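Enquirer: fold the following and give me the result.
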Amino acid sequence: MQEIDGVPGTFRWLGAPASADYGAGVLSMRAGPRTDWFADPGTDEVAATAPALVAPLPGAFRLAARVQVDFRSTFDAGALVLWHDERRWAKLAFERSPQGQPMIVSVVTRGESDDCNSIPIDSDAIWLRVASLGAAHAFHASSDGQTWQFVRYFRLAAAETPQIGFEAQSPYGDGCTARFSALSYTPGQLPDLRNGS
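Expert: The predicted model follows:
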């Protein structure tokens, strides 16, 4: 169990990290080799091996973090996540593409994963945010933590509160470290979905 300063709820691990540390407002976690969350829509193969630190956070709110990733292999990533079970989850990831380009990638899984590459990033860090709007959720990204770009709007599962938190993964690699800093929790509804303010 883990407490995160400024964020209500008690966090727990889904999957064991290779290593993890929390101090001075920074959460660091290392995923082991060949770790991922993905339910392949073509083969129906399911991977749910990546470590994630999650907690149930009911109601409307925004959870944001600056995410920095030690990119080494294709699809290495750090992500903000929503979790119900192995077939119902979503992630907003800062991920290394097959071309070696860091990108914002969102995946929504309702039985099978709907995977979408969004924004290429010319940096080793980016701000990510999950907005809970009650039944629905929204993903946003930002280069400075102030001005947010809309990434995705979706409903994950009816009448259930997902667990929300942080994930690291290394599907093809030997491991990956993600660091989450500038963690912020803001209760209440997001005023404007599309521009993210």
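
Enquirer: so where's this protein shaky on pLDDT?
Expert: Where the chain drops to pLDDT under 70, the residues are 158-160, 196-197.

Enquirer: quick check: longest strand of it.
Expert: In the chain, assigned by DSSP state E, the strand with the most residues is strand 176-187.

Enquirer: tell me which residues in that one are buried?
Expert: The neighbour-count check on strand 176-187 (16 or more other Cβ atoms under 10 Å) flags 176-180, 183, 185 as buried. All C-beta spots, glycine's among them, are computed from the backbone N, C-alpha and C.

Enquirer: repeat for stretch 21-28
Expert: Under the neighbour-count criterion of 16+ other Cβ under 10 Å, stretch 21-28 has 22, 27-28 buried.

Enquirer: if we can go back for a sec, how about the buried residues of strand 176-187 in JSON lines, adding distance to residue 146?
Expert: Output for these, formatted as JSON lines (distance: Cβ to Cβ, whole Å):
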{"residue": "176", "distance to residue 146": "27"}
{"residue": "177", "distance to residue 146": "26"}
{"residue": "178", "distance to residue 146": "22"}
{"residue": "179", "distance to residue 146": "20"}
{"residue": "180", "distance to residue 146": "18"}
{"residue": "183", "distance to residue 146": "16"}
{"residue": "185", "distance to residue 146": "17"}
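
Enquirer: between the residues you listed, which sits nearest residue 41?
Expert: Nearest to residue 41 among those is residue 176, at 23.9 Å by Cβ to Cβ.
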